[in-house]
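>>> using only what follows, build the 3D model:
(2 chains)
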Amino acid sequence: MSNDWYYATGGVQQGPIGIDELKARHAAGQIPANALIWREGMDNWIPWNQVPELAPTPEIVAGGEPGSPAPTANPVGDQIYAPPATSPHAGTMGRAGGHTMNPPNYLWQSIVCTLLCCLPFGVAGIVYAAKVDGLAATGKAAEALEASNKAKFWCKLSFGTSIVATILYFILIIAVA
Amino acid sequence: MAVRKWLVIGLALSAAGMAILVRGNFRGLPPCPLHSTTGLYCPGCGVTRAGRALMHGDLGTALQMNAVAILLMPLMAFVMIREIAAWGWQRPEWRPGTGGRWGIRLGFAVIIYGILRNLPGFEFLRPGGG
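Numbers count the residues shown, from 1 in each chain, chains lettered A, B, ... in the order given. Model prediction:
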């Protein structure tokens, strides 16, 4: 096996190393289960547990050193869905171990932002969020991901603007008082 | 663990926010930036006052300020707590679902609520009943 694997933990990229070394470092607890993995030929960085070659195998689980973290722990968050962003192959979205995964629709996040952030941006979030599942269901993976990303963008803009405005408001109040 | 640290920070900020909401007067609370700049009522207008009324046990005033937000509060709390728990304990299966068809209908209902609040004849939907 050639030394062509990279991993990233805490935003720091490591490698290249061989796959055996990669597994060894994982077993030793140096690479967490939510680390992002990349090697030559991959479209993008993908989480450890979605790399086919690194799928949890009985030997790792059974033969892991005492105290080593279980390799089956899934990461929570955006990383799960990140890989297909630049993938030209529609239909391969978020493929993990053979089953496809829809991008998150950000619907409830949009609704919460619309109601709690006092800004119209959340409305744009809801509109895009409403499209995601339908597009994914009809196989339009790329469009679904685009809608998902747009919904996410408007949610973040709404939330961020609201937080910044609130902080500025309180600074202003304190400055005046 | 960084996740736990952020959980504690989040809880502390929430507690501080609630304290401000309970103790502060209306002049001390941030107004809706959309309403103060454009005069329009967004779907979230009145939420701060509604939250304050709710924390003083005044459900009637809370519903007058923003009925939709108050009615959806348990649902919003439910999904947010699930999301935070899934993140904090690294359990993706705890994350809220997509909402399906009813989630989408709910989303558009919120948008329609925001539009109606600005139309004549629907003044009763505005914070404080217009």
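>>> what secondary structure does residue A:7 sit in?
Three-state assignment for residue A:7 (DSSP: H, G, I helix; E, B strand; the rest coil): strand.
>>> what parts of chain A come near chain B?
A:34, A:73-77, A:80, A:102, A:104-105, A:107-108, A:110-112, A:114-120, A:122-123, A:126-127, A:129-130, A:132-133, A:161-162, A:165-166, A:169-170, A:173 (CB under 8 Å from any CB of the partner chain). C-beta here means a position set from N, CA and C on the backbone, and glycine is covered the same way.
>>> let's see 6 Å
Residues of chain A lying near chain B by CB under 6 Å from any CB of the partner chain: A:73-74, A:76, A:105, A:107-108, A:111-112, A:114-116, A:118-120, A:123, A:126, A:130, A:133, A:165-166, A:169.
>>> of those residues, buried ones?
Among the residues of chain A next to chain B, those scoring as buried are A:73-74, A:76, A:105, A:107-108, A:111-112, A:114-116, A:118-120, A:123, A:126, A:130, A:133, A:165-166 (criterion: 16 or more other CB atoms under 10 Å in any protein chain shown).
>>> would you confirm that residue B:98 belongs to a strand?
No - according to three-state DSSP, residue B:98 belongs to no strand; its state is coil.
>>> surely it meets residue A:106?
No - Residue B:98 is beyond contact range of residue A:106, at 9.5 Å (criterion: CB atoms under 6 Å).
>>> out of these two, which sits in the more crowded spot?
Shown here are residue B:98 and residue A:106; by other CB atoms under 10 Å in any protein chain shown, residue A:106 has more neighbours (26 against 18).
>>> state the distance from the closest residue to the more buried one other than its chain neighbours to chain B.
Nearest residue to residue A:106 in three dimensions, chain neighbours excluded: residue A:151, at 3.8 Å (CB to CB, 6 or more residues apart in numbering or on different chains). Going from residue A:151 to chain B by CB to the nearest CB, to the nearest Å gives 10 Å.
>>> what about residue A:174, helix or strand, and which?
Here residue A:174 sits within helix A:141-176, counting by DSSP states H and E.
>>> what is that helix packed up against?
Helix A:141-176 sits against helix A:107-116, helix A:121-137, with contacts defined as 3 or more CB pairs under 6 Å, 6 or more residues apart in numbering or on different chains; DSSP states H and E.
>>> what sits up against the first one?
What it means is helix A:107-116. Outside helix A:107-116, the residues within contact range by CB atoms under 6 Å, 6 or more residues apart in numbering or on different chains are A:122-123, A:125-126, A:129, A:151, A:155, A:158-159, B:43-44, B:47, B:69, B:76, B:79, B:96, B:99, B:103, B:107, B:110.
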